[in-house]
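Student: What would the 3D arrangement of this be:
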Amino acid sequence: MDGSKPMIDYVTLLLTNMSAALIVLACFLWRGLDRPESRNWAPAFGISGLVATVVGLAMTFTWPIPKPFSMAYGEMSVLFGVLFLGAAWALAAGWRLLPLGYYAFLPGLAAILLGVRIIESSLVPAAILAGLGFILTGLCGVGAGVVLRWPDARRLRVIGTAVVLAAAAIWVQTDLLAYWLHMKPS
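Tutor: So this is what the prediction gives:
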């Protein structure tokens, strides 16, 4: 240690939460979206939303890692988190999820933009992988309104589920690599 303040890095926690949340979302799209017992999914969405919002806000306000990363991971986590908290609330109350799909459109566009910028700027060693993670997750937000508008359209749900699972696979791989690198002895 060089005597400076140690870096507090929430990225691994955010990546684990994002991965788990996207897997929950894919399962929900595949098995719970059009079922009467869909309110049973509320706790899983609530847990994911709470972690994403709280940790994302901490990262957004304290900037524990360099500027582009605190902004990209922190702000996107807050938006992702409030969407999942909203989904939990809506599911528990028996409300339709469609308005959340409309909200998800703009954060989805922002995530796509961040993904393109990460790739274009080579901000991280695995820039293409990280950028694709942001892009695919952003596509989930952009397409959420369409899937939620027509929940009985099986083909839309299959495509939506595939995109969510592809994003989850990227974030799981990124998460495991981040844990491996963060646990490197000094």
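
Student: okay, CA-based contacts and neighbour counts for the rest of this
Tutor: Will do.

Student: which parts of stretch 136-151 are buried?
Tutor: 136-148, 151 (16 or more other CA atoms under 10 Å).

Student: okay, who's weakest in the residues you listed by pLDDT?
Tutor: Scanning these for pLDDT, the smallest score is found at Pro151, 89.

Student: can you tell me which residues contact it?
Tutor: Residues counted as contacts of Pro151 (CA atoms under 8 Å, 6 or more residues apart in numbering) are 33-34, 157.

Student: Buried only: go through those residues for me.
Tutor: For these, buried by 16+ other CA under 10 Å: 33, 157.

Student: now, which of the contacts of Pro151 sits nearest Val54?
Tutor: Checking the contacts of Pro151 against Val54 with CA to CA, the nearest one is Leu33 at 26.3 Å.

Student: To which secondary structure element type does that closest one belong?
Tutor: Under DSSP: H, G, I helix; E, B strand; the rest coil, Leu33 falls in the coil class.

Student: Could you find the closest non-adjacent residue to it?
Tutor: Spatial nearest neighbour of Leu33, chain neighbours left out: Pro151 (6.9 Å); criterion: CA to CA, 6 or more residues apart in numbering.

Student: The one you found sits in which helix or strand?
Tutor: Assigned by DSSP states H and E, Pro151 belongs to no helix or strand.
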